[in-house]
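[1] starting from these lines, generate the structure:
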Amino acid sequence: MARGLVQPRPFVKKKSSTPSFSAGRIIGSKRANTIQKNGFLLLVAKSYAGWVIVSIILILLGLFFLKGTWYNPNYLIQNITYSPETRAQYENTELFVLTSKYLRGQYLNTIQLGEKGKILSKIQEQYPFVRNMKIEYQSPQSIKVDFTFDYPKFRVKIGEKFWGVWNGKNTEELQSGRALAQTGVTIDTPAYLSGTESLSGFFYEVNFERYEQNIPKIKQTFTNIERFVYLAGSPNFIVFENGKTIYLHRDNLDYQLQKYLWLKNNYKNFAGIYEIDLGSQTQNRVIIKE
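    Numbers count the residues shown, from 1 in each chain. Next up is the predicted model:
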């Protein structure tokens, strides 16, 4: 009898269902890291909460002590003085009254912690040339105020009065004995304007921008200028220098100054000239009187 052949099955290695030692280490490590992170975050949260609580306690303690000192009614500002430096530059009773109105009845620390900027902005609405304000403690109810000012671009003299000019819209009458009225170029005016109480209409024929651009050129050309006069209501100016009366026109100033320098450097009897018209009558020629 023939025997049937039994074919062997291929050997297949079964995978073990038991996790290996290395896999267990990885899983355990991940769990440990997660626990460490959670612990660290919890520690940070507790520390942060602790600092917040401590900060709140310190703030409350600070307010408690301030209430007994700075926020005591006996520390309300009542007496306000203005520094000698401020008065030497610009002494204006109206400015001082306005400032005292905003400061009196306030606590100094409240002003220093944020109100000073607001008060300064209100003052600058009426006095834009006030640059800064410094407040110094003197005694529980007394302070000293020191202002810093922006100096005017130039000054206008009408009669015995001076006006500072910062821009075309910002002008202010100045006391002649104070520093703001003694610095920079002075634009004089004819005597017939004496008694004028403002600069209304002053920039009608010659605007502020022309003054701002041309004054440095005039100073550079006429190095010994004694007086600079604007003939108000016209486009003409007069320069007084070294015994000479020199007439200028508003337009083509550069060309007029070039003509003057040529005349000064080339005319033999320049020293004998007492009057020069560089453009008030005509731009085509120079009119001189000897």
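[2] which parts of the stretch 101-250 of the chain are strands?
    Assigned by DSSP state E, counting those that start in this stretch, the strands in the stretch 101-250 of the chain fall at 130-139, 142-149, 154-158, 161-167, 170-174, 186-188, 225-230, 236-241, 244-249.
[3] distance of Gln182 relative to Pro152?
    Applying Cβ to Cβ, to the nearest Å, the value for Gln182 to Pro152 is 11 Å. Using the backbone N, CA and C atoms, a C-beta is placed for each residue, glycine as well.
[4] which of these two has more neighbours?
    More crowded of Gln182 and Pro152, by other Cβ atoms under 10 Å: Pro152, with 23 against 15.
[5] give me the domain ranges for the chain.
    28-68, 76-149, 154-289 (automatic domain parsing).
[6] residue ranges in the chain under the pLDDT threshold?
    Residue ranges of the chain with pLDDT under 70: 1-46, 50, 60-71.
[7] which of the residues in stretch 173-193 are buried?
    Using 16 or more other Cβ atoms under 10 Å as the test for burial, stretch 173-193 gives Leu174, Gln175, Arg178, Leu180, Ala181, Val185, Ile187, Asp188, Thr189, Leu193.
[8] and which of the residues you listed is nearest Lys122?
    Leu180 (21.0 Å; Cβ to Cβ).
[9] so the closest one is in contact with Phe154, correct?
    No. Using Cβ atoms under 8 Å, Leu180 is not in contact with Phe154; the gap is 11.7 Å.
[10] for Lys157, what are its contacts?
    Trp163, Thr186, Ile187, Asp188, Thr189 (Cβ atoms under 8 Å, 6 or more residues apart in numbering).
[11] wait, Glu91
    So Glu91 contacts Gln175, Arg178 (Cβ under 8 Å, 6+ apart).
[12] for it, which three-state class applies?
    What DSSP: H, G, I helix; E, B strand; the rest coil gives for Glu91 is coil.
[13] Leu180 versus that one, what's the distance?
    10 Å.
[14] same question, Pro190
    24 Å.
[15] likewise Phe228?
    19 Å.
[16] and what of Phe162?
    9 Å.
[17] OK, contacts around the residue nearest to Phe147 when sequence neighbours are not counted?
    What sits nearest to Phe147 in space, not counting adjacent residues and going by Cβ to Cβ, 6 or more residues apart in numbering, is Thr86, at 4.7 Å. Going by Cβ under 8 Å, 6+ apart, Thr86 touches Val145, Asp146, Phe147.
[18] next, Thr86: secondary structure please.
    helix.
[19] could you dump the strands of the stretch 101-250 of the chain to CSV with distance to Pro216?
    Output for the strands of the stretch 101-250 of the chain, formatted as CSV (distance: least, Cβ to Cβ, whole Å):
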stretch, distance to Pro216
strand 130-139, 23
strand 142-149, 22
strand 154-158, 10
strand 161-167, 15
strand 170-174, 20
strand 186-188, 13
strand 225-230, 12
strand 236-241, 14
strand 244-249, 14
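[20] of those, which approaches Gln124 most closely?
    Comparing these by Cβ to Cβ, strand 130-139 comes nearest, at 5.5 Å.
[21] what's that closest one packed up against?
    On a contact count with 3 or more Cβ pairs under 8 Å, 6 or more residues apart in numbering; DSSP states H and E, strand 130-139 meets strand 79-82, helix 93-103, helix 116-126, strand 142-149.
[22] buried residues, that strand. List them.
    Val130, Met133, Ile135.
[23] show me the contacts for the last one.
    Read that as Ile135. Leu103, Leu108, Ile111, Gln112, Lys116, Ile143, Lys144, Val145, Asp146.
[24] next one: the residue nearest to Phe147 from Ile135, what distance?
    Taking Cβ to Cβ, one finds Thr86 at 12 Å from Ile135.
[25] with just CA atoms, put stretch 205-212 into PDB.
    Extracted C-alpha coordinates of stretch 205-212, given in PDB (Å, rounded to 0.1, in the frame of the first residue of the first chain):
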ATOM      1  CA  GLU A 205       1.600 141.000   3.700                       C
ATOM      2  CA  VAL A 206       4.500 138.900   4.900                       C
ATOM      3  CA  ASN A 207       3.600 135.500   6.500                       C
ATOM      4  CA  PHE A 208       5.400 133.700   9.300                       C
ATOM      5  CA  GLU A 209       7.100 131.200   6.900                       C
ATOM      6  CA  ARG A 210       8.900 134.100   5.000                       C
ATOM      7  CA  TYR A 211      10.200 135.500   8.300                       C
ATOM      8  CA  GLU A 212      11.400 132.100   9.400                       C
END
